[in-house]
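In: Test case, fold it:
(chains A, B and C)
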Amino acid sequence: MILYLFSIVLLALIAPILLSYIKATKMVLLFKRPISVFQGYRNFAKLMHKETIISEETSAITTYAPFLVLSPLIVTMFFLPPIVHGGYYVSFVDAFTITGLISLSTFFLMLLGLDSASAFGGIGSSREAFISALVEPAMVLTLFSISLMAGNLGMGQAGVNLAEHFPKEHMASFLFAGISFFILLIAENGRIPIDNPETHLELTMVHEAMILDLSGVYLAIIETAASIKFVIFASLFASLFIPFGIEFSAPIAILIFIAKLFLIATLVAFLEVNTAKLRLFKIPNLLGLAIVFAFLSLITFYVLGA
Amino acid sequence: MVDFLIGLFLASLIVALFTTRLYKLFLWYSINSLMLGMLALVIGKNIDDDAMIITGIITIIVKAIGIPYILKNLSQKFHFIRQITPEIKVQYAIMLIPAILVFTFYLSAPITSMINTNANYVAISISSLFLSLLLMIEHKDVASKIIGFLSIENSLFLLGISATNGMPMLVELGIFFDLLMAIVVINLLFHKEEMKI
Amino acid sequence: MLTFLLLPAIVMFGVSFSQNEKFKYFLAFISFVILWPIIELFLLPKPYNILSDYLVADKLDTYVLLVSSIVGIGVTLALLTLDKHVQVSPKAYRKFYRFFAVFWVGLIFSILSNHMGIYWIGLELATLSTVYMIKTNYTPATHKEAWNYMIVGAIAVSLILFGIILMYASAKPILGEDAMNFTLLLKHAKEIPSPFLFEMGFAITTVGMFVKMGFFPMNLWLANIERASFYPVAALFSGILESAVIVGFFRFSEIAMQVNYDHLFIFIFIYTILTIFIVAFLIFRAKDFMRLFSLSGVEHMALIVLFWVSGAPFAALLHFGAHAFLKPALFLSTGVLESNGKYKIAGALRGYKGKKGTLFWFLVSLFLLAIISLPPSPMFFSELYGFGAMINTAKQGDHILAMIGAILFLLVLLSIIFYRFVAIYQSMKYEGKEEEKTVYMSELLALIIFAISSISLLLPSTLTYLRSIS
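Out: Numbers count the residues shown, from 1 in each chain, chains lettered A, B, ... in the order given. Down below sits the predicted model:
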């Protein structure tokens, strides 16, 4: 139980570091002087000190919504597969619940965007709705297919099963699910082919457009939520699609897990440096690919058993 | 390992179906062929078949490196249009591709009871045949049609090496010879300057 | 043996590099050399192994080889005067010869092969070399059609190979690497462990072959290509390429008949009737000789396939022989018929002077009337016999009424075609202006060869030989 709580706290603590790490890696790749990996914490501390200004045009939603964005994500963290052998985990939560919780958070984020005083909020919300409508079916299919492969619909139990006996005979469908989930990881977290988190250019921004009005504590909460969302996806990817290393003793297992998270972050950083951002109406191409792969994974497993 | 490579084979073909850039299409074709060659190497090593290993090496050299390179050179020489938008819209492709996959998987379901090994490979080869046909259908320009044709060739090879554990060496060499001949003919066909008498 | 079979083609390939204009007369003579090994093959006991197990001459392919070689000789003769009828640059002319040689080599291998793989390799070689033969006509339309041929032909050939591999996979557990051998496969057809796999392979191969011959979904494909290219290409298609394709179909379907006759019959029956149904109306609308003959070729191929699977190989082979002689003859004569413009059907048979001219129009009218199965033509007998065999087959089952209905339907469709051809013949002979056209000796010689060969199909000894094949 202590390990369980510890792992959640660890994930929460590592979340800002991961995002800063991606940024730093990108800067290294672009021959710039990198920022510190603790930049996330510095930003958080700075925002906590700053004054919080709320626009007069907004309703009460703006004051509640940031908390409602963060809380489903924190709840989701309790349902993730265990990172050490024999650790406690919640076994009954399935693909639909996790997808639902993440969408709930996205829903409040969109509401926040619509409520903001500027016109950009509306743009951002509509784009976010467009993307997440495409992401959700693929996400449900992928998680469902991987839990079928693991032989248990509960995500926690699935992670454990995958680590114990890796489905060698289902390698093809495992691979398809992996490809699909990686695309989703990028899409849901607003990384580069879908959205560029670093610009405030009105033509392209999605996530930033919704939170343009926020300041101070609220902005800190939303940024924390973004980093926690990334860590949720990364740890799902690490424990479901790279299910190795859990059988060692607790400290080594945790170290391996953290290494996997950083590996994923590095992958994302490399991808971000090497690709250009897609036009908004090209996004369905990429996400369609994710849907096709998710479906392919399911039917390959179901019909061929491969 | 074999399953993994076959998965990557099919995955690269599906990604090629969604590509809108010519050079990316060549890249995906090259990855597709590379997976095929590695598959031949792996299977050849498993069943200890020298002919298959030779086939794999030839595949990697010719199909994964040679043909994409030649095609890229040709496309630079003759100024192909590099933006190739599929005729079939993405929203339909998303429905069509899974439909094809389900159809072909169920089509080959009866085989599973007849051949005890490798029935899945037959299913995946047939579906990749159909997907390559789709690749030919959904593009209007010549270069992508050539890639579609070459992908058909690849799916034939996949069937040959995975379902039958390799065809007779003579036939495989013949297929390679014909493929090279096809490239020569394609090269000749592009020469439009001979059009005047 | 093999050396002599390939000699004309190889010599043609070699000579095509020389700049000398006189070489082509030499080629016309050397092409007759191919008859000598074939006659020898007829006399030898069959099956005779030409090249170990890979190339085997049995009764069926000796016959097909003879037919296709006569077509080859005829086309070589007619090629001598290609530049008199159409505009062709000397370079393209030489290239035509070169790729014709490659084409011929490929198809000789294809016809003689006793091995699915070699059959396919020959066919692919022929397909690819045809692309260039089409392209010798330097017009934008031809360029487009050459691409068209390249792509559709490649798909068709790939489908054939795909099916071959599936069949190979189905028989590999019992035969090992020899599962590509036709005779062995035929011998062990009943023991194939997974008939479903074999049938699927057969269906894919058949669809590939049918696409190549211009059956149901691709009816106008071949016609457009033959229209855009020079007329000898069309003659080669109908005489040699389709012989190779059909001999492959004969071999594959022999095995498939052993595996599951009913499935095969229903599949082919529906496919061919659909094809003839569409082609009959397309022929009715045809506006020029090339498309007309090409579509009628599709119709005859469908009939041959239908006769073969309904248990009348004799009728199928007779029909095949007659078609393979008559159609190239007609295609070659279009060179003369169309010398005053492509779409001038009216008056095409008028305006011939002298002995040569008279002989020419007489022969062409004979061919035209023979291709629609008027009585003295071999096609009349083959159709009679073929329809009889279809009823005989149906008698054994309990679907005789359906079969008679289908035959009546077919006869209606054939009479549409008949009507159209007669109308065209009358228009050629009695309408339009008289314009002077010249006929050259070489073409006339080719037509005479074709006429003699198609008449000799009706000799009693030929008929006995054909009967003994099945």
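In: burial measure for the residue of chain C found nearest chain A, as a count.
Out: Going by CB to the nearest CB, chain A is nearest to C:Leu197 of chain C, at 15.6 Å. To be clear about C-beta, it is placed using only N, CA and C from the backbone, and glycine gets the same treatment. For C:Leu197, the count of nearby residues is 24 (other CB atoms under 10 Å in any protein chain shown).
In: Do I have it right that it meets B:Ser125?
Out: No. In this structure C:Leu197 lies outside contact range of B:Ser125 using CB atoms under 8 Å: 12.0 Å.
In: one step back: any idea how far C:Lys95 is from the residue of chain C closest to chain A?
Out: Relative to C:Lys95, C:Leu197 is positioned 43 Å away (CB to CB, to the nearest Å).
In: A:Pro81: what's it in contact with?
Out: A:89, A:155-156, A:158-160, A:235-236, A:239-240 (CB atoms under 8 Å, 6 or more residues apart in numbering or on different chains).
In: Using CSV, lay out these together with secondary structure and distance to A:Pro72.
Out: Listed next are these as CSV, based on DSSP: H, G, I helix; E, B strand; the rest coil; distance: CB to CB, whole Å:
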residue, secondary structure, distance to A:Pro72
A:Tyr89, coil, 19
A:Met155, helix, 15
A:Gly156, helix, 17
A:Ala158, helix, 21
A:Gly159, helix, 20
A:Val160, helix, 24
A:Ser235, helix, 16
A:Leu236, helix, 15
A:Ser239, helix, 20
A:Leu240, helix, 20
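In: export the host helix or strand of C:Tyr119 as PDB, just CAs?
Out: Secondary structure from DSSP states H and E places C:Tyr119 in helix C:116-135. Backbone C-alpha positions of helix C:116-135 (Å, rounded to 0.1, in the frame of the first residue of the first chain) are rendered in PDB as follows:
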ATOM      1  CA  MET C 116       3.700 -23.100 -62.900                       C
ATOM      2  CA  GLY C 117       6.600 -20.800 -62.100                       C
ATOM      3  CA  ILE C 118       8.100 -21.000 -65.600                       C
ATOM      4  CA  TYR C 119       4.700 -20.500 -67.100                       C
ATOM      5  CA  TRP C 120       4.400 -17.300 -65.100                       C
ATOM      6  CA  ILE C 121       7.900 -16.000 -65.900                       C
ATOM      7  CA  GLY C 122       7.300 -16.400 -69.600                       C
ATOM      8  CA  LEU C 123       3.900 -14.700 -69.400                       C
ATOM      9  CA  GLU C 124       5.400 -11.700 -67.400                       C
ATOM     10  CA  LEU C 125       8.300 -11.400 -69.900                       C
ATOM     11  CA  ALA C 126       5.800 -11.300 -72.700                       C
ATOM     12  CA  THR C 127       3.600  -8.800 -70.900                       C
ATOM     13  CA  LEU C 128       6.500  -6.400 -70.300                       C
ATOM     14  CA  SER C 129       7.900  -6.700 -73.800                       C
ATOM     15  CA  THR C 130       4.400  -5.900 -75.200                       C
ATOM     16  CA  VAL C 131       4.400  -2.600 -73.400                       C
ATOM     17  CA  TYR C 132       7.200  -1.500 -75.700                       C
ATOM     18  CA  MET C 133       5.700  -2.900 -78.800                       C
ATOM     19  CA  ILE C 134       2.600  -0.800 -78.100                       C
ATOM     20  CA  LYS C 135       4.800   2.300 -77.600                       C
END
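In: Find the helix or strand that the residue of chain C most remote from its centre is a member of.
Out: The centre of chain C is farthest from one residue, C:Pro173, which by CA atoms, centre = their mean lies 35.0 Å away. Assigned by DSSP H and E, C:Pro173 belongs to helix C:140-175.
In: In terms of secondary structure, what does that helix contact?
Out: Under the contact criterion of 3 or more CB pairs under 8 Å, 6 or more residues apart in numbering or on different chains; DSSP states H and E, helix C:140-175 touches helix B:119-138, helix B:142-158, helix B:169-190, helix C:116-135, helix C:182-187, helix C:195-213, helix C:219-228, helix C:242-259.
In: ranking those by mean pLDDT, which is last?
Out: Comparing mean pLDDT over these, the weakest stretch is helix B:169-190, at a mean of 78.
In: Burial check on the closest residue in space to the residue farthest from the centre of chain C that isn't next to it in sequence, number of neighbours?
Out: With CB to CB, 6 or more residues apart in numbering or on different chains as the criterion, C:Pro173 has its nearest non-adjacent residue at 5.2 Å, and that residue is C:Pro193. As a burial measure, C:Pro193 scores 14 neighbours (other CB under 10 Å).
In: Tell me the spacing between C:Pro193 and B:Phe149.
Out: Distance from C:Pro193 to B:Phe149, by CB to CB: 32 Å.
In: hey, where'd the strands end up in chain C?
Out: Along chain C, the stretches classed as strands by DSSP state E are C:48-51, C:55-57.
In: what number of residues lie near residue 112?
Out: In the absence of a named chain, chain A is used. 26.
In: oops, chain C please
Out: Neighbour count for C:Leu112, taken as other CB under 10 Å: 27.
In: per-residue confidence for it?
Out: The score at C:Leu112 is 89. That number is its pLDDT.
In: cool, A:Ala65 as well?
Out: A:Ala65 is assigned 91 on the pLDDT scale.
In: just the one 10 residues further on next, same as before
Out: Per-residue pLDDT puts A:Val75 at 93.
In: Which residue, neighbours along the chain excluded, lies closest to the residue of chain C closest to chain A?
Out: Computed as CB to CB, 6+ apart, the closest residue to C:Leu197 that is not its neighbour in sequence is C:Ser170, at 3.9 Å.
In: got the contact list for the one you found?
Out: Contacts of C:Ser170 (CB under 8 Å, 6+ apart): C:192-195, C:197-198, C:201.
In: Generate a PyMOL selection restricted to the buried subset of those.
Out: Restricted to buried positions by 16 or more other CB atoms under 10 Å in any protein chain shown, the PyMOL selection for the contacts of C:Ser170 reads:
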select buried, chain C and resi 192+194+195+197+198+201
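In: biggest separation within the contacts of C:Ser170, which pair?
Out: Farthest-apart pair in the contacts of C:Ser170 is C:Pro193 and C:Gly201; separation 13.5 Å (CB to CB).
In: what separates stretch B:38-53 from the chain centre, distance-wise?
Out: Relative to the chain's own centre, stretch B:38-53 is displaced by 19 Å; criterion: CA atoms, centre = their mean, to the nearest Å.
In: which of the residues in it are buried?
Out: B:38-44, B:49, B:51-53.
In: Is that stretch positioned near chain A?
Out: No. Judged by CB under 8 Å from any CB of the partner chain, stretch B:38-53 stays clear of chain A, getting no closer than 12.0 Å.
In: ok, and what's touching that stretch?
Out: Contact with stretch B:38-53 is made by B:1-2, B:5-6, B:9, B:55-57, B:59-60, B:157-158, B:161-162, B:165-166, B:169, B:172, as judged by CB under 8 Å, 6+ apart.
In: A:Leu10 against A:Ile254, yeah?
Out: Yes. At 7.2 Å, A:Leu10 counts as touching A:Ile254 under the criterion of CB under 8 Å.
In: Which one's more surrounded, the two?
Out: For A:Leu10 versus A:Ile254, the count of surrounding residues by other CB under 10 Å is larger for A:Ile254: 20 against 16.
In: Taking chain A, what residue is nearest to chain C?
Out: For chain A, CB to the nearest CB, closest residue to chain C: A:Leu304, 15.6 Å.
In: Spit out the contact partners of that residue.
Out: A:172-173, B:105, B:119-120, B:123-124.
In: which two from those residues end up farthest apart in space?
Out: Farthest pair in the contacts of A:Leu304 (CB to CB) is A:Ser173 and B:Ala119. Separation: 15.3 Å.
In: Who has more neighbours out of these two?
Out: Ranked by neighbour count (other CB under 10 Å), A:Ser173 and B:Ala119 place A:Ser173 first, with 28 against 21.
In: Can you show me the helices along the stretch 301-450 of chain C?
Out: C:313-337, C:354-371, C:378-396, C:400-430, C:441-456 (DSSP state H, counting those that start in this stretch).
In: In chain B, which helix is the longest?
Out: Longest helix in chain B, counting residues (DSSP state H): helix B:22-47.
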